[in-house]
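Participant: Below is the sequence, then the predicted model.
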Amino acid sequence: MKRCIYCGKNEKEVTFDRKEHVLPRLMGSFSDNLTIIDYVCDDCNSKVFSPLETKFKEDTEEGIFYQMFNLKNSFQIRIRGDNIKTSFSPGLGDDFFNEIFPFFKQEEGEWKIFILPQIKIKRYGNNGYLILLVDELKKLTRDKKKFLDIKELLRNVQSKDVSIFTGSDGEHDDKPLKEAIQLVSDLGVDYKEGKRKFALTASRSKNGFGISMSCNIGNEASRVIAKIAFNYFSYCAIEDKRGSILFHKNFSKIRSYILGKIDLPVEEIIVEIKNEPIIYDEKMVGARWLGHTITFSLDDKNNIISEISFFGKRIYTVMLGPAPQELIKREFGCGHFFDPIGNKIFGLTQNFTKHKSGDKAEPGLFNRI
Ligand SMILES: [Zn+2]
């Protein structure tokens, strides 16, 4: 009988048609996507987790980094700004340009910061903003859903909350700007041009592009991080044909928290946040890899903890709960590295008997890292 590890309902009460991704799709897609089948119900997957993941994308440093890479060439960036504050300085010699949202693009094998033609709309939510990418927006058909949806979203936007940044061949070439203004008007915004400024991007290379963010981990972000940790642990247990362990009472607290049934102080779930590398290779070079790392292991009190980091940023230690007796073994644990650029997953086990060649991930409960 299929049963949901989160809400506990069975296949007579709920459906199990969808796959639950261990890592939300906003973290990228992988050649061997880890998905949980028959253990997470469609209600938890789409009604509870999807909206939570959207908030994570729009209101955490990791989510905003994902949007800066714009790996799927989306036409819009959404920053909610309730828990995160962003500040940018493109080095163009005038604060006027600090409103520009930066993007990462690969050039000659290196990640560089680019300014892309964009329309910025302030007042998204209470404290946030939207960035619409001119080149991607131009590709949308005017009478199709995507364009109409964004038009609807911008229904009450006022001209003073709109800023437009475009490139051009010189100060007197305003064709790209006019095109972008036309686009804003096609979106139904009554835009009246205010201040217009011009800067040479050549000055940018010597000043560099400053990016700074400060982010609190709110309850919703914490639930998403905890869910990814528990999903990964669950995936490993299911692979080992030990899925029944996931319903153990020792995990009822973390399951209820992820579902939002109980409220806990964030520090009780995310017990530590640090920046030191986890992976041996990272320690050797003293730098973080651009990717996601997930591990789980036992702490010195035999609690199961998971260490997680996204895009090589902060490392969160998530408390999953006291280990059931049968899991307390020396080899308990597992870890994987997810590369969102090369779309591959690498096992991080140090157990050489289980260490095979190739990229294939080998998740399990007793692959201690
Ligand atoms: Zn469920």
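Facilitator: In hand now; what should we look at?
Participant: so what's Ser62 up against?
Facilitator: Check again: residue 62 is Glu, not Ser. Phe56, Phe310, Phe311, Lys313 (CB atoms under 8 Å, 6 or more residues apart in numbering). The C-beta positions use only the backbone N, C-alpha and C, and glycine is treated the same way.
Participant: next one: Phe366
Facilitator: Residues counted as contacts of Phe366 (CB under 8 Å, 6+ apart) are Asp240, Lys329, Glu331, Phe332, Gly333, Cys334.
Participant: one more time with 6 Å
Facilitator: Neighbouring residues of Phe366 by CB atoms under 6 Å, 6 or more residues apart in numbering: Glu331, Phe332.
Participant: re earlier: of the contacts of Glu62, grab the buried ones for PyMOL.
Facilitator: Listed next is the PyMOL selection for buried residues among the contacts of Glu62, using 16 or more other CB atoms under 10 Å:
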select buried, resi 56+310+311+313
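Participant: now the contacts of Glu62 in a markdown table, with secondary structure?
Facilitator: Listed next are the contacts of Glu62 as a markdown table, based on DSSP: H, G, I helix; E, B strand; the rest coil:
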| residue | secondary structure |
| --- | --- |
| Phe56 | helix |
| Phe310 | coil |
| Phe311 | coil |
| Lys313 | coil |
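Participant: can you give me the helices in the protein?
Facilitator: Using DSSP state H, the helices found in the chain span residues 42, 50-59, 61-69, 134-138, 145-153, 175-186, 204-207, 219-239, 252-259, 266-269, 280-285.
Participant: Show me the contact partners of the fourth one.
Facilitator: By that I understand helix 134-138. Asn73, Phe75, Pro117, Ala180, Leu183.
Participant: Buried ones among these?
Facilitator: Phe75, Pro117, Ala180, Leu183.
Participant: is it true that the first one touches Leu130?
Facilitator: No - here Phe75 lies out of contact with Leu130, judged by CB atoms under 6 Å, at a distance of 10.5 Å.
Participant: Report how far apart the opening and closing residues of stretch 79-96 are.
Facilitator: 20 Å (CA to CA, to the nearest Å).
Participant: Kindly state the pLDDT recorded for the closest residue to Val14 other than its chain neighbours?
Facilitator: Spatial nearest neighbour of Val14, excluding adjacent residues (CB to CB, 6 or more residues apart in numbering): Cys41 at 4.0 Å. pLDDT for Cys41: 98.
Participant: If you tally nearby residues, what's the number for Cys41?
Facilitator: For Cys41, the count of nearby residues is 27 (other CB atoms under 10 Å).
Participant: how about it, what does it touch?
Facilitator: So Cys41 contacts Cys4, Lys9, Val14, Phe16 (CB under 6 Å, 6+ apart).
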